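Visitor: The sequence and its predicted three-dimensional model are supplied below.
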Amino acid sequence: MAHATDTILRIDHLTMRFGGLVAVDDLSFEARRGEITALIGPNGAGKTTVFNCITGFYKPTEGRMALAHGSSDAFAHTDELTASPRQSWSGEGQALYLLERMADHDVNAKAKVARTFQNIRLFGGMTVLENLMVAQHHYLMRASGFTFLGLVGAPRYRHAERAAIERAKGWLERINLIHRADEPAASLAYGDQRRLEIARAMCSDPVLLCLDEPAAGLNPRESAELNELLLGIKREEQTSLLLIEHDMSVVMEISDHVVVLDYGKKISDGAPDFVKNDPKVIAAYLGVDDEEVDAVEAEVTQ
């Protein structure tokens with residue numbers, strides 16, 4: 001497990017307004033390297049809005065979102081980078097990215113943040129293998145020199161293409177879909193499509209994988225397979241995970257760290273056992289008013 005101070009993502013005073021609606025209100029938290037951080041809360045709490053800010057789909061109204069490669073020491077350059085118009089700093093095997101300044105494609109290609117969505121977004125008409133090749137498009141384009149080298153079969157491009165195919169096949173073996181590599185992705189069962197979408201995200205070699213309700217719609221067997229896959233990604237790939245999830249059995253079984261939102265505000269932040277016993281969290285999920293939290297706390301502590 002990562003050391004407690006080894007932060008990979010630091011969110012500071014993140015605020016997102018849509019006209020008069022404050023979807024995320026002065027949110028601050030950290031996700032640690034090599035851990036699974038869960039972002040939970042009732043419907044409408046602002047969880048997906050946070051994901052959309054982190055991954056570049058939204059530009060936040062206020063706040064800082066910094067991602068460090070290499071080690072947490074890179075965060076020492078946050079002030080220096082903030083004072084300049086640049087998106088990133090790099091040096092001595094480390095890098096720091098200010099995600100709020102980056103376009104969504106750069107968040108993936110440069111900062112190496114990948115994500116999945118609540119609704120599965122596979123290319124249903126493509127084969128299972130082709131879906132994983134699409135995720136490696138920017139590697140192949142770079143190998144082609146962004147010209148015609150791929151069309152003429154230049155050695156550098158052929159080598160990159162073989163490596164991309166092997167990477168895709170490796171992930172299909174891990175999710176037990178290698179035997180269906182040439183079938184359309186739309187022909188897969190729902191649980192298989194969920195795992196394929198995660199494998200596709202991993203083919204972009206992310207340092208941070210953001211998963212938006214990966215267990216939604218899964219039966220207990222499929223949820224168990226998902227847990228095994230995510231724990232394997234954390235353990236074997238050393239990838240940090242940030243997930244939104246309503247299935248509390250998944251959250252409590254695999255998460256190292258849980259952040260709870262309610263109406264865009266953070267109401268709890270800590271280890272799973274601490275969060276699940278926090279009266280504010282229990283009250284939020286029960287839907288009680290603020291003045292009733294003390295009563296809930298009294299019930300919990302009896």
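Guide: Cool, got the structure.
Visitor: Outline the domain layout of the protein.
Guide: Under automatic domain parsing, the residue ranges defining each domain of the chain are 2-112+205-301, 127-204.
Visitor: worst average pLDDT in these?
Guide: Here the domains of the chain differ in mean pLDDT, and the lowest is domain 127-204 at a mean of 86.
Visitor: if we can go back for a sec, I'd like the domains of the chain laid out as a markdown table, including mean neighbour count and distance to residue 119.
Guide: (Glycine included, C-beta is placed from N, CA and C.) Below are the domains of the chain laid out as a markdown table (neighbours: other Cβ atoms under 10 Å; distance: least, Cβ to Cβ, whole Å):
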| stretch | mean neighbour count | distance to residue 119 |
| --- | --- | --- |
| domain 2-112+205-301 | 18 | 9 |
| domain 127-204 | 17 | 10 |
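Visitor: Distance to residue 120 added to the ones you listed, as JSON lines?
Guide: JSON lines is the format used below for the domains of the chain (distance: least, Cβ to Cβ, whole Å):
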{"stretch": "domain 2-112+205-301", "distance to residue 120": "9"}
{"stretch": "domain 127-204", "distance to residue 120": "5"}
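Visitor: Residue 121: which of those domains is closest?
Guide: Across the domains of the chain, residue 121 has its closest neighbour in domain 127-204 (7.1 Å, Cβ to Cβ).
Visitor: Could you give the separation of that closest one from the chain centroid?
Guide: 20 Å (Cα atoms, centre = their mean, to the nearest Å).
Visitor: After the top helix by length along the chain, which helix or strand is next?
Guide: The longest helix of the chain (DSSP state H) is helix 155-174. Later in the chain than helix 155-174, the nearest helix or strand by DSSP states H and E is helix 190-202.
Visitor: Residue 147 and residue 156, how far apart?
Guide: Using Cβ to Cβ, to the nearest Å, residue 147 is found at 12 Å from residue 156.
Visitor: That should have said residue 249, apologies.
Guide: Distance from residue 249 to residue 156, by Cβ to Cβ: 47 Å.
Visitor: Tell me how far the residue nearest in space to the middle of the chain lies from residue 20.
Guide: Nearest to the geometric centre of the chain sits residue 210, at 0.8 Å (Cα atoms, centre = their mean). To residue 20, residue 210 is 28 Å away according to Cβ to Cβ.
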